[in-house]
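Q: Okay, sequence plus prediction incoming.
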Amino acid sequence: MMKENTQCGYVALVGRPNVGKSTLLNHLLRQKLAITSRKPQTTRHVMLGVDTEGSKQAIYVDTPGIHDHADREMNRIMVRSATAVLTDVDLIVMVLEKDQWTEEDELVLEHIRRSGTPALVVINKVDLLKPKELLLPVIERLDGYGLFQAIIPVSALKGSGLDMLREEVFSRLPDQPHMFPADQVTDQTEKFIVAEIIREKLMRRMGDEIPHRTTVVIEQFKEQDGTADIAADIYVERAGQKRIIIGKGGEKLKMIGQEARQDIEALLEVPVMLRLWVKVRPGWTNSPAALRRMGYD
Ligand code: GDP
Ligand code: MG
């Protein structure tokens, strides 16, 4: 009997913040996995998403943004993990945004070049590009770098071009056994995803009023008798930020909690009791020890 040939590989999604990496990953995996928001830099953690079809398995790594100005400790950690990922993976998918090209994109390109890893480039948000002819000079310029094995226009939001992307990715995976069962889509624990859901609601509600480095820590996570009892702490740096998040008579925090609870119930498929606390911890984003305690290492 012939042994079936299987392909499997790690694929890094890279690109400056807000180009749509998380949205792309969500749609590739057809479910809410990485958390998206209008605010840049929502993704702090390297996040795995597994896309299996037949004999092929792509393991996606959603990297934090690569930034030029690594002035704070948090940014330094993010940059380090993002660049280390590039040399580890089998394939890089660089994501950029329609006809926009910034210095940050240039920096990402430089990291890809230095890694020596095979790369594809995705031009995302083409639904916003009118007329479509505007794509041609973008493709021509990307082609000119001589770095990308394929250039794929997509709309992560509308789902267009994703079949082509999957095909291009699948065709470049090395021959080796699958690392995850076919029905597994992530290696992240439910607890982590719950914290990210709460953080997403917080970001969406607060806009620019609070910094994106706000952290959510799950203090209690108990599933019992068909319900989940969850308590989470939201850490901010200043008392003023705490007041803003809580809102008049607790209104804002209540709304954030309700929205998060709905998503968590959909994820866990049980009724959820969710309690949120806002705590002030000055200066923690600049302290390596505090970051390690919160799981950023
Ligand atoms: P990331 O920082 O690269 O992970 O970007 P996100 O996935 O969080 O997306 C940033 C913003 O761009 C969100 O508001 C998305 O809804 C939006 N977005 C992502 N993909 C598309 C797209 O194909 N078309 C449009 N119009 N918006 C998109
Ligand atoms: Mg993201």
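A: Great, that's in hand. Ligands and ions are numbered 1, 2, ... in the order given.
Q: Give me the neighbour count for residue 113.
A: If you count neighbours by other Cβ atoms under 10 Å, residue 113 ends up with 13. All C-beta spots, glycine's among them, are computed from the backbone N, C-alpha and C.
Q: Number the residues from 34 up from this point.
A: All right, first residue 34 from here; so that's residue 146.
Q: From ligand 2, how far out is it?
A: 23 Å (Cβ to the ion, to the nearest Å).
Q: That residue and residue 180 touch, don't they?
A: Yes - between residue 146 and residue 180 there is a contact under Cβ atoms under 8 Å: 6.1 Å.
Q: who's in contact with the closest residue to ligand 1 within the stretch 184-330 of the chain?
A: Residue of the stretch 184-330 of the chain nearest ligand 1, by Cβ to the nearest ligand atom: residue 190 (3.4 Å). By Cβ atoms under 8 Å, 6 or more residues apart in numbering, the residues touching residue 190 are 53, 56, 60, 158, 160.
Q: Could you export these as a markdown table, including neighbour count, distance to residue 123 and secondary structure?
A: A markdown table is the format used below for the contacts of residue 190 (neighbours: other Cβ atoms under 10 Å; distance: Cβ to Cβ, whole Å; DSSP: H, G, I helix; E, B strand; the rest coil):
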| residue | neighbour count | distance to residue 123 | secondary structure |
| --- | --- | --- | --- |
| 53 | 22 | 22 | coil |
| 56 | 19 | 23 | helix |
| 60 | 20 | 21 | helix |
| 158 | 21 | 26 | coil |
| 160 | 13 | 29 | helix |
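Q: Just the helices from the stretch 34-183 of the chain, written as ranges.
A: In the stretch 34-183 of the chain, the helices defined using DSSP state H, counting those that start in this stretch lie at 54-61, 106-121, 136-148, 168-177.
Q: Pull out the buried positions in the third one.
A: Buried positions in helix 136-148, judged by neighbour count with 16 or more other Cβ atoms under 10 Å: 137-138, 140-142, 144-145, 148.
Q: Just give me the closest of the residues you listed to residue 271.
A: Of all the buried residues of helix 136-148, residue 271 sits closest to residue 137, with 28.2 Å by Cβ to Cβ.
Q: circling back to that earlier point, how far away is the residue of the stretch 184-330 of the chain closest to ligand 1 from residue 178?
A: According to Cβ to Cβ, to the nearest Å, residue 190 stands 26 Å off from residue 178.
Q: again with residue 89
A: 27 Å.
Q: Of the two, which one has the most company?
A: Shown here are residue 89 and residue 178; by other Cβ under 10 Å, residue 89 has more neighbours (19 against 13).
Q: Surely the more buried one is in contact with residue 38?
A: No - Residue 89 lies out of contact with residue 38 (Cβ under 8 Å); the separation is 9.9 Å.
Q: before we move on, the earlier item: just checking: which of the contacts of residue 190 also lie near ligand 1?
A: 53, 56, 158, 160 (Cβ under 6 Å from any ligand atom).
Q: hmm, which two among those residues are most spread apart?
A: Within the ones next to ligand 1 among the contacts of residue 190, two members stand farthest from each other by Cβ to Cβ: 56 and 160, at 11.7 Å.
Q: Which ones among the contacts of residue 190 also lie next to ligand 2?
A: Applying Cβ under 5 Å from the ion, the subset of the contacts of residue 190 adjacent to ligand 2 is empty.
Q: Show me the helices in the stretch 184-330 of the chain, by range?
A: Using DSSP H, counting those that start in this stretch, helices in the stretch 184-330 of the chain cover 195-203, 223-239, 272-279, 284-301, 321-326.
Q: Next, the contact list for residue 234, please.
A: 289, 292-293, 296.
Q: Quick one, grab the pLDDT at residue 304.
A: With respect to pLDDT, residue 304 scores 93.
Q: Contacts only, for it.
A: 259-261, 298.
Q: out of these, which are buried?
A: residue 261.
Q: Can I get the contacts of residue 304 in a markdown table including distance to residue 84 and pLDDT?
A: Formatted as a markdown table, those follow (distance: Cβ to Cβ, whole Å; pLDDT from 0 to 100):
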| residue | distance to residue 84 | pLDDT |
| --- | --- | --- |
| 259 | 31 | 85 |
| 260 | 32 | 89 |
| 261 | 28 | 90 |
| 298 | 26 | 85 |
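Q: re earlier: can you read off the backbone torsions of the residue of the stretch 184-330 of the chain closest to ligand 1?
A: Main-chain dihedrals, residue 190, degrees, to the nearest 10: phi -70, psi -50.
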